[in-house]
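Student: pasting a predicted model and its sequence here:
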Amino acid sequence: GQNIDQPTEMTATEGAIVQINCTYQTSGFNGLFWYQQHAGEAPTFLSYNVLDGLEEKGRFSSFLSRSKGYSYLLLKELQMKDSASYLCAFYNQGGKLIFGQGTELSVKP
Amino acid sequence: DTGVSQDPRHKITKRGQNVTFRCDPISEHNRLYWYRQTLGQGPEFLTYFQNEAQLEKSRLLSDRFSAERPKGSFSTLEIQRTEQGDSAMYLCASSHTGTVRPYEQYFGPGTRLTVT
């Protein structure tokens, strides 16, 4: 079967660093995505990992370990506007994205 | 550059009525996806097209749901005899398999359906 799991909610302080973990299980894997979704809006693309390792893009970094079925999204220098839901998703052989339930991140002053 | 657009943005209907949503993908994107999202959950795959061919349909999609992409450009999603459980955000996304990042999907703003 296939499934994907991430924490439901997290809280962090403005200016701090937060790591959002994601574990997945699937028989066909073609990459791991992270999307950001503000309330009432569409998901927007943050990162894509297909090989093991860390991908850095500005304040956001994403890590993948295919052998462990594990990824994380690292957000540095948190800003209030980073308060949103962060969706982990894997791309399977069938061509569709399988999403986790999303992690609701609240950034406090 | 126009992104993915969806119409209408909001739809309120009574139980038992039929509704139809439209999605216009990014120009020249050959793949088009439909997802459904309920509050507090991630998007759930419904179906996808490559050009005009419907390649996969979720087993979660009952016979009341049908999608088309007749000319390989815009797509419509119809729900017949709506039920309260159909209330959700319906998201459309598109991608292009011929690009460097063929797996990257761009989402539209969604159509929020409320069935009363």
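Tutor: Right, received. Where do you want to start?

Student: flag every residue of chain B that's near chain A.
Tutor: Applying Cβ under 8 Å from any Cβ of the partner chain, we find that chain B lies next to chain A at B:4, B:31, B:33, B:35, B:40-45, B:48, B:50, B:55-56, B:91, B:101, B:103-110. (C-beta placed from N, C-alpha, C; glycine too.)

Student: can you select the buried ones from those in PyMOL?
Tutor: The PyMOL selection below is limited to those of the residues of chain B next to chain A classed as buried (16 or more other Cβ atoms under 10 Å in any protein chain shown):
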select buried, chain B and resi 4+31+33+35+41+42+43+44+45+48+50+91+103+105+106+107+108+109+110
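
Student: with adjacent residues omitted, what lies nearest to residue B:55?
Tutor: residue B:48 (5.9 Å; Cβ to Cβ, 6 or more residues apart in numbering or on different chains).

Student: centre-most residue in chain B?
Tutor: Chain B has residue B:34 as the residue nearest its centroid, 3.0 Å off, counting by Cα atoms, centre = their mean.

Student: residues contacting the residue in chain A that chain B sits nearest to?
Tutor: Scanning chain A for proximity to chain B using Cβ to the nearest Cβ identifies residue A:99 as nearest, at 3.2 Å. Applying Cβ atoms under 8 Å, 6 or more residues apart in numbering or on different chains to residue A:99 gives the contacts A:4, A:35, A:87-89, B:35, B:42-44.

Student: would you turn those into JSON lines with distance to residue A:22, pLDDT and secondary structure?
Tutor: Formatted as JSON lines, these follow (distance: Cβ to Cβ, whole Å; pLDDT from 0 to 100; DSSP: H, G, I helix; E, B strand; the rest coil):
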{"residue": "A:4", "distance to residue A:22": "7", "pLDDT": "92", "secondary structure": "strand"}
{"residue": "A:35", "distance to residue A:22": "11", "pLDDT": "96", "secondary structure": "strand"}
{"residue": "A:87", "distance to residue A:22": "9", "pLDDT": "97", "secondary structure": "strand"}
{"residue": "A:88", "distance to residue A:22": "3", "pLDDT": "96", "secondary structure": "strand"}
{"residue": "A:89", "distance to residue A:22": "9", "pLDDT": "94", "secondary structure": "strand"}
{"residue": "B:35", "distance to residue A:22": "18", "pLDDT": "96", "secondary structure": "strand"}
{"residue": "B:42", "distance to residue A:22": "11", "pLDDT": "93", "secondary structure": "coil"}
{"residue": "B:43", "distance to residue A:22": "15", "pLDDT": "94", "secondary structure": "coil"}
{"residue": "B:44", "distance to residue A:22": "17", "pLDDT": "93", "secondary structure": "strand"}
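
Student: ok, those residues vs residue A:47, which is closest?
Tutor: Taking Cβ to Cβ as the measure, residue A:47 sits nearest to residue A:35 out of the contacts of residue A:99, at 8.9 Å.

Student: run a quick neighbour tally on that closest one.
Tutor: 24 (other Cβ atoms under 10 Å in any protein chain shown).

Student: distance of residue B:23 relative to chain A?
Tutor: 12 Å (Cβ to the nearest Cβ, to the nearest Å).
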